[in-house]
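In: Make a model of this:
(chains A and B)
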2 protein chains.
Amino acid sequence: MPSSSDNNNEYILGIDGGGSKTRAVIVDANNNIIGTGLSGPANPLHGFEQAINSITESAELAIKDANLSGVNLSDLVAGVGLAGVNLPVLFEKMSNWQHPFGKMFLATDLLIACLGAHDGSDGAVMITGTGSCGFSYVDGHPYTLGGHGFPHGDKGSGAWFGFQAANHVLMSLDGLKEKSVINEKLLALLDVTDSVEVVEMIAGKPAAYYARMANLVFDAAEEGDTVAKAIVAEGAGYISGVARQLATQKPPRISLIGGLTPRLMPWLDEDIKDSLAEPINPPEIGSVLFAQQQLALL
Amino acid sequence: MPSSSDNNNEYILGIDGGGSKTRAVIVDANNNIIGTGLSGPANPLHGFEQAINSITESAELAIKDANLSGVNLSDLVAGVGLAGVNLPVLFEKMSNWQHPFGKMFLATDLLIACLGAHDGSDGAVMITGTGSCGFSYVDGHPYTLGGHGFPHGDKGSGAWFGFQAANHVLMSLDGLKEKSVINEKLLALLDVTDSVEVVEMIAGKPAAYYARMANLVFDAAEEGDTVAKAIVAEGAGYISGVARQLATQKPPRISLIGGLTPRLMPWLDEDIKDSLAEPINPPEIGSVLFAQQQLALL
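Out: Here you go, the predicted model:
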């Protein structure tokens, strides 16, 4: 992190709230991380009360972790990055929250991930975890690519890979597609033996359930399985395409982040792989940087 | 229909109950259709009460249509073919229904469709409407192929074609896939202009919603659109594959039935197209034939 140029001596809280968990971090006036906290989901699309509870809880845990006796939530300036607040109605709802912090600056999860990865500077990120999305922030201009959700979008995401795997296994068990190493791995993971049982397990399940099946596709591909290699090539090809499209925005740096990064990275096009920069900080530090930037504008 | 060999003089009621509507037909002792009725959904998976209400209502409407004054439901022998009762627990639940008919014989929607298409004889059907499924009935042996549901299965169905269309449009609007005639047609159908609005319309929608978008894919393909032709080729290729797989069961006849039949037929492989037989009766007549066959066994 760059050292902060303003000399306020407040503690800054950074929040990264997503569909499954919320991370909090507190930095002191010297930008040292002094405490962290972890709580449940904070996507207001899936519940406003749960979101504000998770944010508050993770912040309280971070205060406790920092041993800051006598410091309350109201002593913190909070940078809060959340999934879901790309929707204007949810951004407004969260903004109107009677929050417990001294100040609160609200941003999308994409912006804080990007600020974190590039240490507060302009850049672009591709996020591939349960979902997938591309985002760039250059000269104050945010640009979002993909991220339309599962199952209709989010190609190249964990959920997408799991969905392709389940799809192939069902057709393969019907004798309508060739057998694949994916079959045995998926049946073992779900602990089932036939297609009726597979359908019972997967029907109507959310993205996170399908994302559990992503690793086995990469495992099978790395073992040389033709079907798995084709699925991985298609998903990774899409992410390479996202990188090329983001590059048209001229970001100084592009990073690949999210839980699927180590699996996906080896399969990207060579020129894309060479062009990627290591992310510098995690998203919750991006929230701290966002709060500091907003404070500096006050 | 073949003339009935038994000389009971009861009226036979045939029911075809699916996810969106229920058709009833009454035939007299000479196998003449004397009345029909139409009601709402009757898939017990989506509600037992609704299913039995739709069955009863459609039957009452058929009695009325037949001008059978003095004839009650208890005077009818009912053949009832239903979606959902392929699941043993639902078959049992429906079997235990204290139904209002003189007798009731219960079968899956697949079996009655197959019996109807082949006038009570052995054969196979491919059903492509909102969903897709293959089924054969040869020497008393039922065999089901595909039909795993949407979106994880049901390739080549109306819902699948609509899903592929939406998928392409979202990637195309992101600049990650080539433009297609599908784009303008889909945006016009949904009455929206950008990908955010497309997602708002389609996210979380059931199969029937996506199936509405199937025709525009075929329209675009018939106009020569490359993207649409590739989608149609993939979906039709799957259905041709289902036909080949069903043929291994040696059915005397194979028919393609369901709402997507006229759109899909021209795109099937030539040898498959040549091998298909016209369906002889609709599924509700299949239910009548099933009831007559079961009566003959008593």
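
In: Kindly provide the whole-number mean pLDDT of stretch A:175-189.
Out: Here stretch A:175-189 scores 97 as its mean pLDDT.

In: List the contacts of the residue lying closest to A:Lys179 once chain neighbours are set aside.
Out: Closest residue to A:Lys179 apart from its sequence neighbours, by CB to CB, 6 or more residues apart in numbering or on different chains: A:Ser172 at 5.6 Å. For the C-beta atoms, the positions are set from N, CA and C on the backbone; glycine is no exception. By CB atoms under 8 Å, 6 or more residues apart in numbering or on different chains, the residues touching A:Ser172 are A:178-180, A:183.

In: for the residues you listed, which one is nearest chain B?
Out: A:Glu178 (11.7 Å; CB to the nearest CB).

In: The closest one contacts A:Ala228, doesn't it?
Out: No: look at A:Glu178 against A:Ala228 with CB atoms under 8 Å: they stay out of range, at 11.5 Å.

In: Mind checking the pLDDT average for stretch A:39-51?
Out: 92.

In: Next, the buried residues of it.
Out: A:39, A:41-44, A:48, A:50-51 (16 or more other CB atoms under 10 Å in any protein chain shown).

In: For chain B, what's its nearest residue on the stretch 1-150 of chain A.
Out: At 4.9 Å from chain B, A:His148 is the closest residue in the stretch 1-150 of chain A, using CB to the nearest CB.

In: Need the pLDDT of that residue.
Out: On pLDDT, A:His148 comes in at 92.

In: right, and A:Ala51 touches A:Leu82 too?
Out: Yes: the pair A:Ala51 and A:Leu82 qualifies as a contact (CB under 8 Å) at a distance of 6.9 Å.

In: quick one: common contacting residues for these two?
Out: In contact with both A:Ala51 and A:Leu82: A:17, A:42-44, A:94, using CB under 8 Å, 6+ apart.

In: Going by distance to B:Glu223, which of the residues you listed wins?
Out: B:Glu223 lies nearest to A:Asn43 out of the shared contacts of A:Ala51 and A:Leu82, by CB to CB, at 41.1 Å.

In: Would you map the helices across the stretch 1-150 of chain A?
Out: Here the stretch 1-150 of chain A has its helices, by DSSP state H, counting those that start in this stretch, at A:48-65, A:88-95, A:109-117.

In: between these, which one is nearest to A:Ser287?
Out: Using CB to CB, the helices of the stretch 1-150 of chain A put helix A:109-117 closest to A:Ser287, at 4.6 Å.

In: mind exporting the closest one as CSV, just the C-alpha atoms?
Out: Provided in CSV are the C-alpha atoms of helix A:109-117 (Å, rounded to 0.1, in the frame of the first residue of the first chain):
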residue,chain,number,x,y,z
ASP,A,109,-17.3,-5.2,-5.2
LEU,A,110,-15.8,-4.8,-8.7
LEU,A,111,-14.3,-1.3,-8.0
ILE,A,112,-12.8,-2.3,-4.7
ALA,A,113,-11.3,-5.4,-6.2
CYS,A,114,-9.8,-3.4,-9.0
LEU,A,115,-8.5,-0.7,-6.6
GLY,A,116,-7.0,-3.4,-4.4
ALA,A,117,-5.3,-5.3,-7.2
